[in-house]
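Visitor: Make a model of this:
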Amino acid sequence: MANPPQPSLVFPATVNPSNENKPTPPPFASPTTARFPRPPLLQKDQTPSPSIKAPNLLSPVNGIGNGSPIPHLSTPPGPPVFSSPLRPAAVPFRTSPSTPQPVAFSSGSSIPTSSPAPNSNLSVELQHQVSDSTQESLLVGESQYVLFSAHKVLKQKKLANVPSLGFGALVSPGREISPGPQIIQRDPHRCQNCGAYANLYCNILLVSGQWQCVICRKLNGSEGEYIAPSKEALRVLPELSSPVIDFVQTGNNRPGFIPVSDSRMTAPIVLVIDECLDEAHLQHLQSSLHAFIDSLPPTTRIGIILFGRTISVYDFSEESGASADVLPGNKSPTQEALKALLYGNGIYLSPMHASLPVAHTIFSSLRPYKMNVPEASRDRCLGVAVEVALAMIQGPSAEISRGVVKRSGGNSRIIVCAGGPNTYGPGSVPHSFSHPNYPYMEKTAVKWMDHLGSEAHRNHTVVDILCAGTCPVRVPVLQPLAKASGGILVIHDDFGEAFGVNLQRASARSAGSNGLLEIRCSDEILISQVVGPGEEAHTDTQEAFKNDTALCIQMLSVEETQSFSLFMENKGDIKGEYVFFQFAFQYSNVYQADISRVITVRLPTVDSVSAYLQSVQDEVASVLIAKKTLLRAKSSQEAINLRTMLDERIKDITLKFGSQLPKSKLYRFPKELSSLPEHLFHLRRGPLLGSIVGHEDERSILRNLFLNASFDLSLRMVAPRCLMHREGGTFEELPAYDLAMQSDAAVVLDHGTDVFIWLGAELAVQEGRSAAALAACRTLAEELTELRFPAPRILAFKEGSSQARYFASRLIPAHKDPPYEQEARFPQLRSLTVEQRTKLKNSFLHFDDPSFCEWMRSLKVVPPEPS
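Guide: This is a model prediction of the structure:
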């Protein structure tokens, strides 16, 4: 949506400056908040696990980790062994998919060893903190936080603002910085004019300690802290030597002390469970719930609520059996009813170490739905149940303690386990779509749910909704509740393994609260649009500086693998050699410490289009294009139209940046962007824009998940990662083409929210080899997704089975291409014998889907040579 002109930031007891010449803030798109845990680290000295050889077309791995359980098979071999880590991909600022390298600082920094002459020119006196030779090594440092679509910025406005390619960045709060030089326990030095933070790119006046802001170029004092006789003296200051700094306020007077008590686990979790389930679904749910409470830390406080036509709030004070207080579900609970409940003798939130046996008893006492009513028509008062859960978390003294009593660390969580739509009480919709008032009632329900989610967010509570089963849950109604609270809505096939895993990961992921993201950049750059899990901040959350033009975003929650997509333009032709960007995340972490994480990036500017194209990061650019495209996909018909828009985008990039073939009217797609069109072809065919996912509810959830996802998961959801099993438990990474479907091989395909294991027919008949290959593939799949949230489905099937079509539909159909094109884009074919290639060719069925090369030619564009 388009926002009105952004007002100046206001701070108490400060005059509000004029709004004249203020830039208009970008439209901010806020889809449903998605959360994903940090990918685990993969290091060279890591415990061995299955080795992956990646000779061609590498892309980053999304989470390789240890410790995933070995799959249970009848005669499985020992777990496979990774003999070497994955080779890093060509991603901006990244030296590995999940492990940032230490920030290097060159000895060539140009801070003088002696004070400048008193009468020397200001440009001489101000000493640069970073030399040009240090730029690339510093870019490495932001890898886990900021990813730009290019490492350079075009100076010419006309070329830089070509909308088909665009320029932007993915920004993530990142993981906790381990205690060390990047953590500062004092107030930061900030520009009194624009509010930017002092950083390693600032020019320093050594005699007076003044520093020049990189954003507005104004001089600021440092209270003498930056007065130094030499460059070495300044280099010991963390903010002047590292691009990423955490300023920490712990709320205590012990220097260097960051509390790591049980406060991280004291935020309660309330389970809100659907009691209208058939016996088969209920049995799976009970198993998942029993495993869930066994996995919780002993200090975690838990509450249990059941909802159907009424609401049952379980009492942990009754140790002999399951006991609950019952509230009506047809209307919101009154204050009197809530006081009677909360001020009574019952215990509704209890730590696990005291309530584990009672919780098991409660789950074992659940009974299936007995009435002969279709699933979609059963009365479920989900909205009122969440209201009661929110009141439980606030507690009996909520009306007097809000804003006074310091709350526990992190966000509280309400986890809804639902098997159908909300059809009773406030926020409900009719059982049938044919109801004459359905559109109006749905609109009313959406508004009510959004308000409830906002109320949860104000009370630092996240609502996650985990749905399962075959009954439609009316996603448009439930989505606003999860979105406004900072939670996530996920649909599962059943209440079995994947649901249980997501239940555990939903409760375990840490989340900061009171998050605010401030974005400042050089005057020549305009942020035209933001997509991510937040909303424009109100002026009372912004500090006051004379001319602060920062874009401020209120974050719905702060989790380390969220990301915001920023789309930028040049306001005019750029004259300087560099442009600067500064991102400041301000939030309270799970240990009750107030964090200001400041990330500063400097990018060089260039006149040469070729130099700019060479600096473009295809994978980041692909993800940004995909997010901007999917923001407009509100229905299946719009998705079809957006495929045509992607076609036009390819044509426009080719005309603007490609080269014309000699003696021809055809243009070749720019070779510098060789993998970009293939990623967009995957996007066009895949579940986000294609038709391989059947129900619009599923597509809607996938799109909302994608819009907020981290870079790693977003890339996997756009372009799947294909790994072929080799003898000895190793894996070779191959392009995601159907030519990988070789009958004597096993293949793992990671598509973000789904992981497929495909066994060739020849391999499947060899019991020993197929068991070993399947065990290795399952172990790899579990390690790839060990910390991913939501946990993907892991599906295994054999060649020729009905389910194998799910696998084949996500691969590029290259079997119709000429042999020379197949070998150029899938070099592994060269290792096959003539007989094997003939057998592979004959194994494919004919269908009309074009290959990547055929699609490019249909656009009158010559595809680029593979890199």
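Visitor: Quick one: mean pLDDT for stretch 564-573?
Guide: Computed over stretch 564-573, the mean pLDDT rounds to 95.
Visitor: which residues touch that stretch?
Guide: Residues outside stretch 564-573 that contact it (CB atoms under 8 Å, 6 or more residues apart in numbering): 26, 153-157, 160-161, 166-172, 517, 519, 521, 523-534, 553, 623-624, 627-628, 707. C-beta coordinates here come from the backbone N, C-alpha and C atoms, glycine included.
Visitor: Kindly recompute the last result at 6 Å.
Guide: Contacts of stretch 564-573 from elsewhere in the structure, counted by CB atoms under 6 Å, 6 or more residues apart in numbering, are 155-157, 160-161, 167-171, 524-532, 624, 627.
Visitor: for this structure, what helix or strand is lowest in average pLDDT?
Guide: helix 398-401 (a mean of 39; mean pLDDT, DSSP states H and E).
Visitor: and the next element down the chain from that one?
Guide: strand 412-418 (DSSP states H and E).
Visitor: Off-centre distance for that following strand?
Guide: 20 Å (CA atoms, centre = their mean, to the nearest Å).
Visitor: other SSEs contacting that strand?
Guide: In terms of contacts (3 or more CB pairs under 6 Å, 6 or more residues apart in numbering; DSSP states H and E), strand 412-418 is packed against strand 269-274, strand 461-468.
Visitor: so what strands line up beside the shortest one?
Guide: The one in question is strand 269-274. strand 301-307 (parallel), strand 412-418 (parallel) (DSSP bridges).
Visitor: What I need now is the ones you listed written out in CSV, including mean neighbour count for each item.
Guide: Shown next, in CSV, are these (neighbours: other CB atoms under 10 Å):
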stretch, mean neighbour count
strand 301-307, 24
strand 412-418, 25
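Visitor: JSON lines please, covering the ones you listed and showing mean pLDDT and distance to R837.
Guide: As requested, the strands paired with strand 269-274 are exported to JSON lines (pLDDT from 0 to 100; distance: least, CB to CB, whole Å):
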{"stretch": "strand 301-307", "mean pLDDT": "95", "distance to R837": "58"}
{"stretch": "strand 412-418", "mean pLDDT": "94", "distance to R837": "50"}
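Visitor: got those strands as a markdown table, with distance to P604 columns?
Guide: Shown next, in a markdown table, are these (distance: least, CB to CB, whole Å):
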| stretch | distance to P604 |
| --- | --- |
| strand 301-307 | 52 |
| strand 412-418 | 44 |
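Visitor: so which of those strands comes closest to L240?
Guide: strand 412-418 (39.0 Å; CB to CB).
Visitor: Surely M717 and D754 touch.
Guide: No: look at M717 against D754 with CB atoms under 6 Å: they stay out of range, at 9.5 Å.
Visitor: more neighbours, those two?
Guide: The neighbour count for M717 versus D754, taken as other CB atoms under 10 Å, is higher for M717 (28 against 21).
Visitor: And that one, its phi and psi?
Guide: Main-chain dihedrals, M717, degrees, to the nearest 10: phi -70, psi -30.
Visitor: For it, give me its contacts.
Guide: Applying CB under 6 Å, 6+ apart, the residues near M717 are 706, 752.
Visitor: hey, C-alpha coordinates of the lengthiest strand in the chain in CSV?
Guide: The longest strand of the chain (DSSP state E) is strand 594-606. The C-alpha coordinates for strand 594-606 follow below in CSV (Å, rounded to 0.1, in the frame of the first residue of the first chain):
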residue,chain,number,x,y,z
ASP,A,594,17.8,-4.3,24.8
ILE,A,595,19.8,-4.7,21.6
SER,A,596,20.6,-2.2,18.9
ARG,A,597,22.2,-4.2,16.0
VAL,A,598,23.8,-1.8,13.5
ILE,A,599,24.9,-3.0,10.0
THR,A,600,26.6,-0.6,7.7
VAL,A,601,27.3,-1.4,4.0
ARG,A,602,29.3,0.6,1.4
LEU,A,603,28.9,-0.2,-2.3
PRO,A,604,31.0,1.3,-5.1
THR,A,605,29.3,3.1,-8.0
VAL,A,606,30.2,2.4,-11.6
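Visitor: Could you dump the helices and strands packed on strand 412-418 into JSON lines and include mean neighbour count, mean pLDDT and distance to P374?
Guide: Compiled in JSON lines, the helices and strands packed on strand 412-418 are given as follows (neighbours: other CB atoms under 10 Å; pLDDT from 0 to 100; distance: least, CB to CB, whole Å):
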{"stretch": "strand 269-274", "mean neighbour count": "25", "mean pLDDT": "96", "distance to P374": "15"}
{"stretch": "strand 461-468", "mean neighbour count": "26", "mean pLDDT": "94", "distance to P374": "17"}
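Visitor: Relative to I812, how far out is F844?
Guide: Between F844 and I812 the computed distance is 13 Å (CB to CB, to the nearest Å).
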